[in-house]
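In: coordinates only, no sequence provided:
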């Protein structure tokens, strides 16, 4: 004997045909799976050749131009601050006896400049996936800025004590740059060796000038 379905049974049958109402956990799992597929699609799209450029380091010409410009700005600014023709309170600076002068100073300055340019170039050309790459770049820029501040305080403003604090911070930033570069490209870290030695030499010289009042 066939019995007609009741109104409640009809409504229940209609609800079981809707996935969201019949099996809520299954529907939730389906939505999560769809989200995963969408994320995988975005990841695959991000790996497309046209978008790999954003994650790639600068090209050789670009990296070379950036490193040369950054170092050149520091060198030019330091030259301006140490130019003998600049108006000063005292036109004569009595440097300690161990400071190189003449061709020796020019040769040392050239070696330091080239080593810093080459080191910065290697860092810029390193893989962006390296976690310490940004720190290394920031340390490079910071030490170049601190070098300019130190030269300005010592030679332009004639303030030995503030310049001593500035050069101490300069040495600390260079040490951070050497450490970060060692974790990005060991060649870059080795190229910074002479620059670190010069930074320490600048600190000793500034300390001698600050203590002896020879500026």
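Out: Received it, and whenever you're ready, just let me know what you need. Nothing here was measured: the structure is a model prediction, and the numbers come from that model. Numbers count the residues shown, from 1 in each chain.
In: for the helix or strand where residue 182 lies, name the packing helices and strands.
Out: Taking DSSP states H and E as the definition, residue 182 sits inside helix 160-184. Judged by 3 or more Cβ pairs under 8 Å, 6 or more residues apart in numbering; DSSP states H and E, the packing partners of helix 160-184 are helix 103-124, helix 133-151, helix 186-191, helix 193-212. For every residue, glycine as well, the C-beta is placed using N, CA and C.
In: pLDDT averaged over the third one, what's the number?
Out: Taken as a whole, helix 186-191 has a mean pLDDT of 95.
In: ok, now stretch 140-155?
Out: pLDDT averaged over stretch 140-155 gives 89.
In: can you find the helix or strand of the protein with the lowest average pLDDT?
Out: helix 19-22 (a mean of 46; mean pLDDT, DSSP states H and E).
In: sorry, back to before: how far off helix 193-212 does the helix holding residue 182 point, in degrees?
Out: If you take axes from the mean of the first three to the mean of the last three Cα atoms, to 10 degrees, helix 160-184 sits at 160 degrees to helix 193-212.
In: for helix 160-184, buried residues please.
Out: Neighbour-count burial for helix 160-184, counted by 16 or more other Cβ atoms under 10 Å, picks out 160, 163-164, 166-168, 170-178, 180-182, 184.
In: would you check that residue 188 makes contact with residue 181?
Out: Yes - between residue 188 and residue 181 there is a contact under Cβ atoms under 8 Å: 4.1 Å.
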